[in-house]
Structure formats: C-alpha cells, structure tokens
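Colleague: Let me see the structure of the following:
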Amino acid sequence: MPDDPPLIQSLRTAVAAAPADVPLRLHLAQLLLDAGRSDEAVTEAAVALQHAPGDTQARELMVRAMGAPAPSPAQPPAQRRGFDWQAAEQQVGDVVPPRFVEAPVRADGQDDSAGADAWDVEAPGEVRLDDVGGMRDVKDRLEAAFLAPLRNPELRKLYGKSLRGGLLLYGPPGCGKTFIARAVAGELGAAFLSVSVNDVLDMWIGNSERNMHEIFETARRQAPCVVFLDELDALGAKRSRTAHSGMRNTVNQLLTELDGIESAANEGVFVLAATNVPWDVDNALRRPGRLDRTILVLPPDGPARETILRYHLRDRPIENVDLGKLVKSTEGLSGADLAHVCEAAAERALLDSARTGTVRLINMKDLLAAAKDVVPSAEPWFTSARNVAMFANEGGMYDDLVAYLKKRRKL
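Modeller: As a prediction, the model looks like this:
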C-alpha cells in the first residue's frame with residue numbers, strides 16, 4: 001500500500017515474491033500488529049496457516065491479532081483454550097477460501113446426492129431429418145426400419161411390425177452419425193440422452209453397472225426418450241477380448257437393459273447407437289431384439305456436401321463462390337473435413353489480409369486450395385473396412401458396405 005512504512009513495503013514485496021515463505025509472512029504480520037493494523041495481521045496469519053496448518057507461532061499471532069489473550073506457556077495443555085476456527089473463518093472469509101468445499105463421498109466413491117436424475121436429458125429438439133442434407137438412402141432406411149412403424153401404430157399392428165430392438169449407425173468418423181441420431185429424436189418429438197464411455201465407467205466395482213441401469217431408468221422416466229450410445233465399441237466391446245471382469249459386467253448390464261426394450265416398463269424408450277468399428281462390438285448386442293437394425297452412414301453425397309458447405313460459410317465474408325464446383329472438388333470428404341476446408345480457407349484470407357494490410361474476402365481460390373490440402377479422413381477407415389467386408393461378412397452383415405466399396409472400385 002502507498003502509505004506503508006518502507007520496512008513494511010519491503011516485506012510486502014518479499015512476501016509477494018515468495019508467498020510460501022511462512023516465517024517471512026509472519027514477520028510481516030507481526031509488524032502490522034505492532035502498527036495497530038490488526039485486520040491486516042489476521043489476514044497474513046491466516047494465509048500462513050494455509051501453508052503451514054500446524055504452525056504454533058502463526059496460531060498464537062492470529063489469536064493476538066483477533067484480540068484474544070495468548071495462552072500462557074505455564075498453563076497445562078489440557079486447560080488451554082483451543083483455536084476457534086469458526087471465528088477465524090468468519091474474520092477472513094473474504095480472503096481465504098473455505099477449508100471444505102465438497103460433501104464427503106461414501107467409501108465406494110458414490111456421491112449420496114447423485115441419483116438417476118443426475119444424467120443430462122435434452123428436451124425435444126427442433127432438428128429434423130429434413131435438416132440433414134442429402135443422404136437420401138440413409139433417410140429412406142430410417143423411415144422404413146424405424147420411423148414409419150412408430151408414426152403409424154395402427155398399420156404397425158395390422159402388419160405385425162415389431163418395435164423390438166434398436167438401431168446401430170456405423171461408418172467412418174466425422175460423417176454425422178450423432179447429428180442423425182438427434183434428427184431421429186426430433187422426428188419422434190422425444191427427449192435425447194447421449195451416453196459415452198465416460199458417463200458409465202467407474203473405478204469402483206459395481207458402479208459402472210449401476211450407472212448403466214440409472215441411465216435407462218432416467219430414460220424411462222423421461223419417455224418418450226432416445227438413448228444414444230456413442231462409441232458403442234467402447235461401451236460394448238467384445239467380451240472375448242476383454243480381460244477386465246468389470247468391463248464384461250458392464251456389457252452384461254447393457255444386454256440386460258436392451259432385453260427389456262419391448263416390455264411395458266420401456267414403452268417410449270428408443271435406443272440408437274453409433275460406432276466407427278462395428279466389428280469390435282460384442283456379437284450379442286447385435287442379435288435380434290437388441291441393436292438388430294444397422295445403417296451405414298457414409299461420407300456426405302453431393303447435396304449433403306453443398307448443405308454442409310453453405311452452413312460453414314454462412315457467417316463468413318465470401319465472394320464469387322461457385323458451390324457446384326466446390327462440391328465436385330470435395331468428393332470423399334467427411335462433414336468434419338468440409339468444416340476444416342472452410343476454416344482453412346478463412347485462415348488463408350485472414351493471413352493475406354494481415355500481411356498486405358488490406359482486408360479481402362474469402363474467394364474460390366482460397367477454398368479450392370484448402371480442399372486440395374485436406375486429406376480425406378475416411379480413407380484409413382475404408383482400408384480397414386475393406387478387409388472386414390472381404391473376409392468377415394458373416395450372414396451378409398456388411399452387404400451395404402460391400403456394395404459401396406464395389407461402386408467405388410475399392411473391392
């Protein structure tokens with residue numbers, strides 16, 4: 001402070017340079033107390049106690065600064081007055097953070113306040129399948145396998161169409177599987193509960209299974225609700241390849257929850273899942289009655305690429321952009337790749353403006369150069385998928401993938 005004597009100013013500077021130096025801070029507190037500045041002395045003593053909670057000198061100095069008499073050395077320990085932590089916390093509450101900020105958890109690591117309602121359930125959204133650009137084949141399969149029977153209960157009853165099981169979306173990363181799942185929830189007017197491996201797995205034995213059960217319990221209370229299992233290969237990995245019993249038990253619990261999909265308790269609960277590697281998913285999860293409907297989500301087609309590019313360029317300053325030419329130049333790129341193309345083009349224009357000192361708009365040259373530099377992120381996935389399609393297409397599970405690879409002459 002400007003009005004401090006030179007010695008106190010010097011000590012404040014030294015304390016600021018070495019905040020963990022308890023003797024130095026106590027020396028400053030003693031000088032402040034001698035100068036009649038008790039409140040400042042209390043603050044410095046309290047900070048010293050944060051660094052050294054058992055320091056006797058710091059405690060005695062704080063007691064004297066707060067106006068209480070220091071304990072006599074000759075007084076027997078049993079008769080000494082204990083340090084009043086409550087009074088000290090009230091005195092320096094606006095300076096020193098509280099010692100305890102969280103309620104203790106139980107011995108198994110489970111917070112007593114956490115229950116099934118702790119999961120974040122999104123209200124029915126406004127995203128519909130019409131908001132998904134292109135992908136007509138995916139939309140048609142969704143309509144036939146999932147949406148049409150739900151929208152027409154009388155026809156479903158007439159034709160004996162069952163609602164057993166769930167829907168598995170698979171394909172290369174960055175192609176919009178999560179967005180499609182949200183669109184399905186919007187079509188159903190249902191709440192959306194997204195579940196990842198971090199939401200389920202727990203270090204304590206039994207908690208992962210309990211988490212899985214509570215997720216489905218939450219969905220039942222919030223029905224109609226879409227439960228979206230993201231990265232299913234992590235949540236439902238093949239048990240034959242899983243060495244840890246806890247992970248196997250989690251898969252078993254997921255199977256139990258999926259087995260109850262058509263029961264009365266699960267009315268209005270719809271299960272969708274997504275994975276990049278369906279061949280790593282436990283086979284039991286894909287048997288009839290569970291995730292028995294499978295849809296391949298491929299890199300966006302032409303209309304989808306145009307929609308995605310329009311979306312990512314809508315708020316950017318552009319000029320003379322030929323979307324038709326750009327769409328042709330970005331064939332094979334995923335939705336994430338297209339977003340990167342727009343970002344990279346904006347960076348080129350920004351750097352050029354910074355170097356020249358003249359602001360210019362993003363043009364076609366920027367976008368084409370960015371598209372040329374982007375390596376399709378889906379290619380490594382197709383390399384792995386090709387081997388699966390050739391040698392592990394048991395029961396025609398990957399016929400749609402085989403057809404696509406033949407169409408692209410990659411098989």
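
Colleague: Show the contacting residues for the closest residue to residue 313 other than its chain neighbours.
Modeller: Take residue 313 and drop its neighbours on the chain: the residue closest to it by C-beta to C-beta, 6 or more residues apart in numbering is residue 342, 5.6 Å away. Where C-beta positions appear, they are placed from N, C-alpha and C, glycine not excepted. Contact analysis of residue 342 by C-beta atoms under 8 Å, 6 or more residues apart in numbering lists 309, 312, 313, 316, 367, 370.

Colleague: mind listing what the fourth one touches?
Modeller: It refers to residue 316. 342, 346, 362.

Colleague: Neighbours of residue 335, how many?
Modeller: Counted with other C-beta atoms under 10 Å, the neighbours of residue 335 add up to 22.

Colleague: Would you mind measuring from it to residue 405?
Modeller: 20 Å (C-beta to C-beta, to the nearest Å).

Colleague: for residue 237, same thing?
Modeller: Distance from residue 237 to residue 405, by C-beta to C-beta: 25 Å.

Colleague: Tell me which of those two has more neighbours.
Modeller: residue 237 (20 against 17).

Colleague: give the contact list for the closest residue in space to that one that isn't next to it in sequence.
Modeller: Excluding the flanking residues, the one nearest residue 237 by C-beta to C-beta, 6+ apart is residue 280, at 6.1 Å. Residue 280 makes contact with 233, 237, 238, 241, according to C-beta under 8 Å, 6+ apart.

Colleague: what's the spacing between the last one and residue 386?
Modeller: Distance of residue 241 to residue 386, computed by C-beta to C-beta: 21 Å.

Colleague: Compare those two (neighbour count), which wins?
Modeller: Of the pair residue 241 and residue 386, residue 386 is the one with more neighbours under other C-beta under 10 Å, namely 15 against 9.

Colleague: Confirm that the more buried one lies within a strand, as I assumed.
Modeller: No - judged by DSSP: H, G, I helix; E, B strand; the rest coil, residue 386 forms no part of a strand; its state is helix.

Colleague: Make sure it is actually in contact with residue 402.
Modeller: No - assessed by C-beta atoms under 8 Å, residue 386 is found out of contact with residue 402, at 9.4 Å.

Colleague: Quick check: next helix or strand after the regular element (helix or strand) spanning residue 48?
Modeller: Assigned by DSSP states H and E, residue 48 belongs to helix 38-51. Next helix or strand after helix 38-51 toward the C-terminus (DSSP H and E): helix 56-65.

Colleague: Quick one: distance of that next one to the chain centre.
Modeller: Relative to the centre of its chain, helix 56-65 is centred 47 Å away, using C-alpha atoms, centre = their mean, to the nearest Å.

Colleague: and it, what other elements does it pack with?
Modeller: Applying 3 or more C-beta pairs under 8 Å, 6 or more residues apart in numbering; DSSP states H and E, one finds that helix 56-65 contacts helix 22-34, helix 38-51.

Colleague: looking at those helices, which is closest to residue 354?
Modeller: Among the helices and strands packed on helix 56-65, helix 38-51 comes nearest to residue 354, with 45.4 Å by C-beta to C-beta.

Colleague: Give the buried residues for the closest one.
Modeller: Buried residues in helix 38-51, counting neighbours by 16 or more other C-beta atoms under 10 Å, are found at 38, 40, 41, 42, 43, 44, 45, 46, 47, 48, 49.

Colleague: mind listing the strands for the stretch 101-250 of the chain?
Modeller: Using DSSP state E, counting those that start in this stretch, the strands of the stretch 101-250 of the chain run over residues 167-170, 191-195, 225-229.

Colleague: can you tell me which of those strands comes nearest to residue 54?
Modeller: Nearest of those (C-beta to C-beta): strand 191-195, 46.2 Å.

Colleague: Touching the closest one from outside, list them.
Modeller: 119-125, 178, 181-182, 185, 215, 218-219, 222-230, 235.

Colleague: roughly how far apart are the nearest residue to residue 271 once chain neighbours are set aside and residue 383?
Modeller: Once flanking residues are discounted, residue 271 sits nearest to residue 166: 3.4 Å by C-beta to C-beta, 6+ apart. Distance, residue 166 to residue 383, by C-beta to C-beta: 29 Å.

Colleague: Which one's more surrounded, these two?
Modeller: Higher neighbour count among residue 166 and residue 383: residue 166, with 23 against 10, using other C-beta under 10 Å.
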